[in-house]
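Enquirer: Structure here, sequence nowhere to be found:
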């Protein structure tokens, strides 16, 4: 009788231990599933040009600059690797002094924000010598380079030292090719800039990031000055989470 009671007590303890283990495992699995769902990236970045104004021109003899604005969104993961790109371009446009190109002329681009990384907004403004080639390149960029879901070659961001390099790498990753860099590199660079937004700095209150840039310099004793205004908008596609 004593042995039977002892055996029953042992079985009860085993059952209790197994029950605790099962409950702990179930809770842990539920927690992991919940965390995994919470980590799903639902934020998107949208790049939108508001205006480009020619204040002073580089070409004073012709009283107009033939310009191209090329821009890119680059998503970088926590390991500083480029994982996604989107590209857009505008031009070739003849800009006269005090002329303003408004936002409806520019193509918007967007991409998904990585979970633990950052988004780079890079712009380059160039004065064009070869109108036909530049026009074809702008058309190609807008047709094939505006897809933010195109996977890249996992370029290291550390290899890209300037906004110009970031845009070229983004074009190459999108399949535009090395010739894009060659063609733009032969033109006069009027200005370049990169704005980066870390995912950890995102807040529920701020959804718009307006950027005001002034590109100015001197080329062949001609002073030029352009003002570019663009906006980075953050969209949460799952606001009820």
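Expert: Looks like it came in fine. All of these numbers come straight from a predicted model, not from anything done at the bench.
Enquirer: Pretty sure residue 216 sits against residue 224.
Expert: Yes. In this structure, residue 216 is within contact of residue 224 by CB atoms under 8 Å, at 6.4 Å. Any C-beta I mention is one placed from the backbone N, CA and C, and that applies to glycine too.
Enquirer: Please say which of those two ends up with more neighbours.
Expert: Of the pair residue 216 and residue 224, residue 224 is the one with more neighbours under other CB atoms under 10 Å, namely 23 against 13.
Enquirer: pLDDT score for the closest residue to the more buried one other than its chain neighbours?
Expert: If you skip the residues right next to it in sequence, residue 224 has residue 58 as its closest partner in space, 4.0 Å away by CB to CB, 6 or more residues apart in numbering. Residue 58 is assigned 75 on the pLDDT scale.
Enquirer: Pretty sure residue 58 sits in a helix.
Expert: No. Checked against DSSP: H, G, I helix; E, B strand; the rest coil, residue 58 lies outside a helix; its state is coil.
Enquirer: For it, list the residues it contacts.
Expert: Counting by CB atoms under 8 Å, 6 or more residues apart in numbering, residue 58 touches 65, 127, 188, 190, 219, 222, 224.
Enquirer: now those residues as JSON lines including pLDDT, secondary structure and distance to residue 98?
Expert: As requested, the contacts of residue 58 are exported to JSON lines (pLDDT from 0 to 100; DSSP: H, G, I helix; E, B strand; the rest coil; distance: CB to CB, whole Å):
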{"residue": "65", "pLDDT": "88", "secondary structure": "strand", "distance to residue 98": "12"}
{"residue": "127", "pLDDT": "89", "secondary structure": "strand", "distance to residue 98": "17"}
{"residue": "188", "pLDDT": "82", "secondary structure": "strand", "distance to residue 98": "20"}
{"residue": "190", "pLDDT": "92", "secondary structure": "strand", "distance to residue 98": "16"}
{"residue": "219", "pLDDT": "72", "secondary structure": "strand", "distance to residue 98": "19"}
{"residue": "222", "pLDDT": "78", "secondary structure": "strand", "distance to residue 98": "16"}
{"residue": "224", "pLDDT": "91", "secondary structure": "strand", "distance to residue 98": "13"}
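Enquirer: For the residues you listed, pick the one with the most neighbours.
Expert: Neighbour counts for those (other CB under 10 Å) peak at residue 65, which has 26 neighbours.
Enquirer: returning to that earlier point: could you name every residue contacting both of residue 216 and residue 224?
Expert: residue 56.
Enquirer: thinking again about what came up before, pull the most distant pair out of the contacts of residue 58.
Expert: When the contacts of residue 58 are compared pair by pair using CB to CB, the two farthest from each other are 190 and 222, 11.3 Å apart.
Enquirer: Could you chop this protein up by domain?
Expert: Here the chain is described, according to automatic domain parsing, as comprising the domains 1-39, 43-236.
Enquirer: Can you say which of those domains is packed in most?
Expert: The highest mean neighbour count among these, using mean count of other CB atoms under 10 Å, belongs to domain 43-236: a mean of 18.
Enquirer: For the helix or strand hosting residue 123, name the packing helices and strands.
Expert: Residue 123 belongs to strand 118-127 when elements are defined using DSSP states H and E. Applying 3 or more CB pairs under 8 Å, 6 or more residues apart in numbering; DSSP states H and E, one finds that strand 118-127 contacts strand 43-56, strand 65-76, helix 163-173, strand 188-198, strand 208-219, strand 222-236.
Enquirer: Thank you kindly, that will do.
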